[in-house]
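Asker: got a sequence here, can you model it:
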Amino acid sequence: MKISFIGSGYVGLVSGACMADFGHDVICMDIDNKKIEGLKKCKIPIFESGLSELIKKNITEQRISFSSNIHQTVSNTDIIFISVGTPSDKNGNVNLKYIFEAIKNIIPFINSYKVLVIKSTVPPGTAFKIKKYIKDLKLNNDLYDIVSNPEFLREGSAIKDFMIPDRIVIGSNSKKAINLVKKIYDPLFLRDIPLIKTSHETAELIKYSTNAFLATKISFINEIGLLCNKLNADVKTISNSLGLDGRISRKFLHPGPGFGGSCFPKDVMGLLKIMNEYELSGNIVDAVLKTNFEQKKYIFEIFYSLLNNNVKNKKISVLGLSFKPNTDDIRESPALVIIKKLLSKGADVYGYDPQASENMKELFPEVKFSNDLQTTLYNSDGAILLTEWNDLRTLNPKKIKKIMKNNIFMDCRNIYKPSEWINEGFKFKNIGRIE
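Answerer: Residues are numbered from 1 along each chain as shown. Sure thing, here's the model as predicted:
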């Protein structure tokens, strides 16, 4: 099938590369000429495990190409995915400006039947607004259909999530359009992947509901972790016990410094705004946001107390800058809050991350960032681990003790057994894990 993606960011590139690997002809289009020229040379603007290799493979096999020409892109494809950004404004309202700009640019070049697929995360009711907008542009109804097809890709494992999804959601009132989009995913249905065919509004709300529910699980276990610190109870045992309950499941029950990234914070806030719009309080959703905000504050306070509430002119090592491992994405990362608070207290901050250091440098030029762990820890007065990169899972307290100036360490991902660090003379804290 001939497919295009308008917007070659994270969702567009991953989805486009995977569909090309299914054997479809894919064009990834973007208005950023520099990005497109780079992609033609296989210079990938984001870090995602396996993506560079997948794109290179499909460029070689001539199944994926890149363009900044909207006319050429629309004319040469039958199914057009809209995968542009939908950022939130300062009040949390979802900005659909780029969606409508993309539609406006596409419409003049539609002269035969096309399926317009909304891949971007959008509030319920967006497909209806798009239809009205296209009607105002006076495009013949017979020349297009709209489909809502939300993505469920996790940064760091996006290719696996695309190739082995939990489900495919397709929302439309057009059977013809649903069947055409379903055909794109046919290789997945050989593995009995569930297909959910539904309305636009339901498909749109599935995405928001999914992310808000997962964020709720994270915030819940984070609060339990903090309570475990007070009661000397073990959050790992509690988490395992909860996960054994078939009604709950094990996933997303790992305490940490709070969720971040481009999806959870934005989508939870977006859902709350939608609920308020319809005069619903959204108390649970609101509480999830407040809990996540407070979690980062509590984490800092615990670490700060380990340092006797004084970090002025002290070297502090922040280990892990991206919001999760295997990505360079720092959006809403807990590290942003922790670094800002450390700087406000006069600390000399050093940051380590295998991929995200360059992104952080733009925001904190006064911080010394490095992708060398030993440099970051050398002569340090205290270290806080925020992101569980693989190379941070195997730190040896005996060796770390020889590098650091003062033996103060906080594990915000509960990776380590406390006794191993305490026995080496460390002042050690985590989030509710005893052993």
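Asker: mind listing what's buried in whichever helix in the chain runs longest?
Answerer: Using DSSP state H to define each element, the chain has its longest helix at helix 200-231. For helix 200-231, burial by neighbour count (16 or more other Cβ atoms under 10 Å) applies to 200-201, 203-208, 210-212, 214-226, 228-229. For the C-beta atoms, the positions are set from N, CA and C on the backbone; glycine is no exception.
Asker: just stretch 52-60 next, same as before
Answerer: For stretch 52-60, burial by neighbour count (16+ other Cβ under 10 Å) applies to 54, 55, 58, 59.
Asker: my guess is the last one contacts residue 44. True?
Answerer: Put plainly, it is residue 59. No - contact criterion Cβ atoms under 8 Å: residue 59 and residue 44 do not qualify, at 11.3 Å.
Asker: among the buried residues of stretch 52-60, name the ones in helices.
Answerer: 54, 55, 58, 59.
Asker: please name every helix or strand in contact with the longest helix of the chain.
Answerer: Counting contacts by 3 or more Cβ pairs under 8 Å, 6 or more residues apart in numbering; DSSP states H and E, helix 200-231 packs against helix 126-136, strand 144-148, strand 168-171, strand 195-198, helix 235-244, helix 264-277, helix 283-306.
Asker: can I get the ones you listed in a markdown table with mean neighbour count and distance to residue 374?
Answerer: A markdown table is the format used below for the helices and strands packed on helix 200-231 (neighbours: other Cβ atoms under 10 Å; distance: least, Cβ to Cβ, whole Å):
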| stretch | mean neighbour count | distance to residue 374 |
| --- | --- | --- |
| helix 126-136 | 16 | 49 |
| strand 144-148 | 23 | 49 |
| strand 168-171 | 22 | 46 |
| strand 195-198 | 14 | 49 |
| helix 235-244 | 16 | 29 |
| helix 264-277 | 20 | 33 |
| helix 283-306 | 18 | 21 |
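Asker: nearest to residue 409, of these?
Answerer: Checking these against residue 409 by Cβ to Cβ gives helix 283-306 as the closest, at 8.3 Å.
Asker: give me the angle between that closest one and helix 200-231.
Answerer: In terms of direction (axes from the mean of the first three to the mean of the last three Cα atoms, to 10 degrees), helix 283-306 departs from helix 200-231 by 40 degrees.
Asker: closest one to residue 257 among the helices and strands packed on helix 200-231?
Answerer: Here helix 283-306 is closest among the helices and strands packed on helix 200-231 (Cβ to Cβ), at 4.6 Å.
Asker: avg pLDDT for the closest one?
Answerer: Taken as a whole, helix 283-306 has an average pLDDT of 97.
Asker: distance of the closest residue to residue 248 other than its chain neighbours from residue 254?
Answerer: Leaving aside its sequence neighbours, residue 248 sits nearest to residue 242 (Cβ to Cβ, 6 or more residues apart in numbering; 5.2 Å). Note on residue 242: its distance to residue 254, by Cβ to Cβ, to the nearest Å, is 11 Å.
Asker: and if you look at residue 119?
Answerer: Residue 119 is 29 Å from residue 254, by Cβ to Cβ.
Asker: so these two - more neighbours on which side?
Answerer: Using other Cβ atoms under 10 Å, the more surrounded residue of residue 119 and residue 254 is residue 119, with 22 against 19.
Asker: dump the residue contacts of that one.
Answerer: 5, 11, 12, 15, 81, 82, 83, 149, 150, 151 (Cβ atoms under 8 Å, 6 or more residues apart in numbering).
Asker: and which of the residues you listed is nearest residue 379?
Answerer: Distances from residue 379 to these, taken by Cβ to Cβ, are shortest for residue 11, at 42.5 Å.
Asker: doesn't residue 153 make contact with the closest one?
Answerer: Yes - assessed by Cβ under 8 Å, residue 11 is found in contact with residue 153 at 6.7 Å.
Asker: between those two, which is the more surrounded one?
Answerer: Taking neighbours as other Cβ under 10 Å, residue 11 and residue 153 compare with residue 11 leading, 24 against 19.
Asker: can you confirm that one is in a helix?
Answerer: Yes - under DSSP: H, G, I helix; E, B strand; the rest coil, residue 11 sits within a helix.
Asker: off-centre distance for stretch 275-283?
Answerer: 25 Å (Cα atoms, centre = their mean, to the nearest Å).
Asker: which other residues reach that stretch?
Answerer: Stretch 275-283 is contacted by residues 271, 272, 285 when judged by Cβ under 8 Å, 6+ apart.
Asker: what angle sits between the longest helix of the chain and helix 126-136?
Answerer: Computed with the same axes, to 10 degrees, the direction of helix 200-231 lies at 150 degrees from that of helix 126-136.
Asker: nearest to residue 391, out of the helices and strands packed on helix 200-231?
Answerer: With Cβ to Cβ as the measure, helix 283-306 is the member of the helices and strands packed on helix 200-231 nearest residue 391 (21.1 Å).
Asker: what domains does the record give for the protein?
Answerer: Segmentation of the chain into domains, based on automatic domain parsing, reads 2-198, 232-435.
Asker: got the buried residues for stretch 379-388?
Answerer: For stretch 379-388, a neighbour-count test (16+ other Cβ under 10 Å) marks 380, 381, 382, 383, 384, 385, 386, 387, 388 as buried.
Asker: rounded mean pLDDT for that stretch, please.
Answerer: On average, stretch 379-388 scores 98.
Asker: over to stretch 217-233?
Answerer: If you average the pLDDT over stretch 217-233, you get 97.
Asker: and what of stretch 333-351?
Answerer: 98.
Asker: put the alpha carbons of it into CSV.
Answerer: Written as CSV, here are the backbone C-alpha positions of stretch 333-351 (Å, rounded to 0.1, in the frame of the first residue of the first chain):
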residue,chain,number,x,y,z
SER,A,333,12.1,14.5,33.3
PRO,A,334,12.4,14.4,37.1
ALA,A,335,16.1,15.5,36.5
LEU,A,336,14.8,18.9,35.4
VAL,A,337,13.2,19.5,38.8
ILE,A,338,16.1,18.0,40.9
ILE,A,339,18.8,19.9,39.0
LYS,A,340,16.9,23.2,39.3
LYS,A,341,16.4,22.7,43.1
LEU,A,342,20.1,21.8,43.6
LEU,A,343,21.3,24.9,41.7
SER,A,344,18.9,27.1,43.7
LYS,A,345,20.7,25.8,46.9
GLY,A,346,24.1,26.6,45.5
ALA,A,347,25.3,23.1,44.5
ASP,A,348,28.0,22.5,41.9
VAL,A,349,26.0,20.1,39.7
TYR,A,350,27.4,17.4,37.5
GLY,A,351,25.1,15.3,35.3
